[in-house]
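Visitor: with the input below, show me the fold.
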Amino acid sequence: MIREQRTEQKYTGIILAGGQSSRMGKEKGLIPWKGKPLIEHAIAILSPLCENIIISANNDHFDSFGYPVVGDLFPGCGPMGGIFSALTKSETLNNLVIPSDTPFVTPDIYRHLISHADSFDVIVPVDHDSFYQPLCAVYSRSVLPAMEAQINERILGFTPLLDKVEIKAVHLHTALGFYDTNTFYNINSPADLEAIS
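Guide: I've put the predicted structure just below:
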């Protein structure tokens, strides 16, 4: 199947805010950092690139931010379920995904991913330690059938999914002016938050 080129497409931003925040002890997306909730940092990262934004969450904590909130169609399936559910509601072929707790990701990361490829199911960054970062990636709605099949089998890891679909891995390195070793730092606990405050 020939897919439209991403460079000519509009994008929907998907913010993953559906985690249980068990290590943090309270809703992570609402925790203030540098004067505003973490969810607002995610919105600011995606807004320059996206026509629409969807928040993936399973409560009403984010209803006041002015964007549609989509709950999991398959409860208990973690980020995989959140991305799947939001993709089903997206009105664009291409979608930029970000967790609510990664405030150091920048719009330039996504611009870099988009510039490197088109006609893929997933464009996924690979960090300086050679780890894939599938929660900060570009997803086409073409990934939905493979994702649904995997969820139905309760296989919730992203490595099996990336092995099944067409991906473009984009390697990042510190020589890039917009990337450093903390770019994908995520805040899971009060100690993580204290480390960057």
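
Visitor: going forward, measure contacts between C-alpha atoms and count neighbours the same way
Guide: OK.

Visitor: now do the same end-to-end measure for stretch 161-181.
Guide: Counting by Cα to Cα, to the nearest Å, you get 26 Å between the two ends of stretch 161-181.

Visitor: from now on call the first residue 57
Guide: Sounds good: first residue 57 from here, last item stretch 217-237.

Visitor: any idea of the mean pLDDT in that stretch?
Guide: Averaging pLDDT along stretch 217-237 gives 96.

Visitor: ok, stretch 115-129 next?
Guide: 94.

Visitor: mind listing what's buried along that stretch?
Guide: 118, 124-128 (16 or more other Cα atoms under 10 Å).

Visitor: show residues contacting that stretch.
Guide: 74, 109-114, 137-138, 141-142, 145 (Cα atoms under 8 Å, 6 or more residues apart in numbering).

Visitor: most widely separated two among those residues?
Guide: Ile109 and Gly137 (17.3 Å; Cα to Cα).

Visitor: what ranges does the chain have for its helices?
Guide: Under the criterion DSSP state H, the chain contains helices at 94-102, 134-145, 163-172, 200-208, 214-220, 246-251.

Visitor: just the ones in strands from the buried residues of stretch 115-129, please.
Guide: 125-126 (DSSP state E).

Visitor: nearest to Ile243 among the buried residues of stretch 115-129?
Guide: Taking these together and measuring to Ile243 by Cα to Cα, the closest member is Phe118, at 18.2 Å.

Visitor: ok, the closest one to Asp164 distance?
Guide: The value you get for Phe118 to Asp164, if Cα to Cα is used, is 26 Å.

Visitor: likewise for Ile101?
Guide: 9 Å.

Visitor: these two: who's more crowded?
Guide: Between Ile101 and Asp164, counted using other Cα atoms under 10 Å, the more crowded position is Ile101 (21 against 14).

Visitor: how far away is that one from Pro155?
Guide: For Ile101, the distance to Pro155 - Cα to Cα - is 11 Å.
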